[in-house]
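# Dropping a prediction and its sequence here:
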Amino acid sequence: MSVTLKLRSAALAQLDAATIAAHAHAQPGVVTVRTRMRHRDLLARALAGLRAQVTDDGTSVVAAWEGRRITFGYGPEGVQVAHVDGPGLVPEEASRLVLSVDEAYAAEVQRAVLARLKDRAAQAGMRVEAERVNADQSISVTLAATS
């Protein structure tokens, strides 16, 4: 028996410009949005992959690059809050920046899920029979029973 699973980062990336705009607060040079990027280690890896200078003080993750800074912390409802600032920042630029972080984060989540799937497959007596990255960057994995 074999099973094919498709891991699609696009399915994880549900944050879009309209969502960001709906949560943006009008303040010159500052845009704050609510996001789903909850795993600090995956967030830090995603930001490092985008060549940001990343610091984590235990309460927030801060990324800085090209005159922009995003501070990720938790809001009152436990939702991650991304606070973007920098000289001359406009909401559209902040939206693009947060979306690029969201895409990188989704890819990190996809890699973590794939690694966990492979570990659990081996523990369940299965092996990866085939693995393919599709045109849409999703990953198809075929598992086969070892016995």
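In hand now; what should we look at?

# Need the three-state assignment for the spatially most central residue of the chain.
Nearest to the geometric centre of the chain sits Y105, at 1.7 Å (C-alpha atoms, centre = their mean). In three-state terms, and counting by DSSP: H, G, I helix; E, B strand; the rest coil, Y105 is helix.

# Name the nearest residue to it, ignoring sequence neighbours.
Nearest in space to Y105, with sequence neighbours left out and distances taken as C-beta to C-beta, 6 or more residues apart in numbering, is A46 at 4.2 Å. Where C-beta positions appear, they are placed from N, C-alpha and C, glycine not excepted.

# Give the helix, strand or coil label for that neighbour.
What three-state DSSP gives for A46 is helix.

# Now for it: which residues touch it?
M37, V101, A104, Y105, A107, E108 (C-beta atoms under 8 Å, 6 or more residues apart in numbering).

# how close does the fourth one get to A112?
According to C-beta to C-beta, to the nearest Å, Y105 and A112 sit 11 Å apart.

# rewinding a little: pLDDT at the residue nearest to the centre of the chain, what is it?
Predicted confidence (pLDDT) for Y105: 88.

# How about R45?
94.

# Over to R68?
Confidence score, pLDDT, at R68: 90.

# what sits opposite it in the beta ladder?
Listed by DSSP bridges, the beta-bridge partners for R68 are W65.

# Right, I'll call it a day here.
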